[in-house]
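Undergrad: no letters, just coordinates:
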């Protein structure tokens, strides 16, 4: 369907129509971006998302996910995963729903994320409470400062973009090509005093990273995200790392942590990778216990996708929840972004 604000109301087309059942609905949506967004793997002009709603006893909760081809996901495959749980959810009692752990039924990924977040929203709305008041390990969230992403482009255009956004508290630069040094220099010229982080999106070799690392330090880059391909990053344990290296594609959930030892200093937690808020919080706590710094990131999605991630980001060293800032249209009501950062969601949006 076209982009815009799909509100959390009971839509037509539910898989089940019996009363007193949890009913599941999956809705593909497209949101226009403000401008073309490019990374090393390609470009896009829209954000394609799946909106999942769960409805039971006159209460509707909703969540959003972004199927990601890098992880073998498509809009159709993820929608089918969500629908596969509809028969089980329809048979649950309220006690079952209150104790449901979707990790017993779906693997980590976009489908579990959308369902997990929709059920959390349903829990909160069904009790009239905020979700953080229902979960002992959460406290009332505050606004958090977020990075703003400059997509991959020519050095000249990236310099111009950096100049336009130099007032941001943190810029994230998409790199991962043989021409990255010129882009780095250009962005620093455009935003000489703005903190910078770099995301190579698996686009470098160990030699390229080693060659660029001293220049990253010289230009004041604060961290580099996923410089080497996941599954081919062993050399990170052997080469010098003069600035923090953050695992993104190499870190999905807690099961990823053992393979990161000695190679990474931080982990980037994205709900579409962890499979929802439940595992994201567990990964955050486990990673912190093992000494990793925390970054909380996102796919290019709407405010509905960012809303639960704001809760995870409360203790993160780096926050990258700028999806709505890149979009020409959003949910209603959207998240608030201002000088304080990205604010927690209003109850009408999520949680």
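TA: It's in. Since this is a predicted model, take the numbers as computed values, not measurements.

Undergrad: C-alpha from now on. contacts and neighbour counts both.
TA: OK.

Undergrad: residue 111: which element?
TA: Using DSSP states H and E, residue 111 falls within helix 110-127.

Undergrad: residues making contact with the helix or strand just after that helix?
TA: Heading C-terminal from helix 110-127, the first helix or strand you meet, by DSSP H and E, is helix 131-134. Defining contact as Cα atoms under 8 Å, 6 or more residues apart in numbering, one finds that helix 131-134 is touched by 120-121, 123-124, 138-141, 351.

Undergrad: which among these count as buried?
TA: Judged by neighbour count, with 16 or more other Cα atoms under 10 Å as the criterion, the buried members of the contacts of helix 131-134 are 120-121, 123-124, 141, 351.

Undergrad: any idea how far residue 146 is from residue 82?
TA: Residue 146 sits 30 Å away from residue 82, going by Cα to Cα, to the nearest Å.

Undergrad: comparing these two, which residue is more hemmed in?
TA: Neighbour totals were compared for residue 146 and residue 82, and residue 146 leads with 24 against 20 (other Cα atoms under 10 Å).

Undergrad: help me confirm that the more buried one comes into contact with residue 339.
TA: No: the pair residue 146 and residue 339 does not pass the contact test of Cα atoms under 8 Å, sitting 10.2 Å apart.

Undergrad: quickly find the element holding residue 283.
TA: Secondary structure assignment for residue 283, by DSSP H and E: helix 277-289.

Undergrad: can you give me the buried ones in that helix?
TA: When neighbours are counted by 16+ other Cα under 10 Å, the buried residues of helix 277-289 are found to be 277-281, 283-285, 287-288.

Undergrad: show me the contact partners of it.
TA: For helix 277-289, the surrounding residues in contact (Cα under 8 Å, 6+ apart) are 113, 116-117, 253-254, 257, 267, 269-271, 274, 293-294, 308-309, 312.

Undergrad: can I have the buried ones of the residues you listed as a ChimeraX selection?
TA: Burial among those is assessed by 16+ other Cα under 10 Å; the matching ChimeraX selection reads:
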select :113,116,117,253,254,257,267,269,270,271,274,293,294,308,309,312
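
Undergrad: picking up where we left off before, the inter-axis angle of the helix holding residue 111 versus helix 277-289?
TA: Relative orientation of helix 110-127 with respect to helix 277-289: 110 degrees, computed using axes from the mean of the first three to the mean of the last three Cα atoms, to 10 degrees.

Undergrad: and the next helix or strand after the helix holding residue 283, which strands flank it?
TA: Elements were assigned by DSSP H and E; along the chain past helix 277-289, the next helix or strand is strand 293-296. On the basis of DSSP bridges, the sheet neighbours of strand 293-296 come out as strand 266-269 (parallel), strand 318-319 (parallel).

Undergrad: so where's the chain uncertain?
TA: Using pLDDT under 70 as the threshold, the predicted model of the chain has low-confidence ranges 1-19, 40.

Undergrad: what do you get if the cut-off is 90, keeping everything else the same?
TA: Per-residue confidence for the chain (pLDDT under 90) gives these ranges: 1-21, 35-44, 57-58, 92-99, 137, 151-153, 174-180, 201.

Undergrad: would you list every one of the helices in it?
TA: Secondary structure of the chain by DSSP state H: the helices cover 75-84, 86-90, 94-98, 110-127, 131-134, 155-164, 180-190, 206-218, 271-274, 277-289, 303-312.

Undergrad: pick the most buried one from the ones you listed.
TA: Mean neighbours per residue, mean count of other Cα atoms under 10 Å, is largest over these for helix 271-274, with a mean of 29.

Undergrad: need the contact list for the residue most central in space within the chain.
TA: Residue closest to the mean C-alpha point of the chain, counted by Cα atoms, centre = their mean, is residue 298 at 2.0 Å. Residue 298 sits next to 270-272, 306, 320-323 when contact means Cα under 8 Å, 6+ apart.

Undergrad: cool, residue 348 as well?
TA: If you count contacts by Cα under 8 Å, 6+ apart, residue 348 has them with residue 333.

Undergrad: how close does it sit to residue 37?
TA: In this view, residue 348 and residue 37 are 29 Å apart by Cα to Cα.

Undergrad: do residue 316 as well
TA: 25 Å.

Undergrad: thinking again about what came up before, the helix holding residue 111 packs against which elements?
TA: Taking 3 or more Cα pairs under 8 Å, 6 or more residues apart in numbering; DSSP states H and E as contact, the helices and strands that helix 110-127 lies on are strand 42-56, strand 59-65, helix 75-84, helix 131-134, helix 271-274, helix 277-289.

Undergrad: show me the one of the ones you listed that comes nearest residue 329.
TA: Judged by Cα to Cα, the one of these that comes nearest to residue 329 is strand 42-56, at 10.0 Å.

Undergrad: adjacent strands (with direction) for the closest one?
TA: Under the criterion DSSP bridges, strand 42-56 sits next to strand 23-39 (antiparallel), strand 59-65 (antiparallel) in its sheet.
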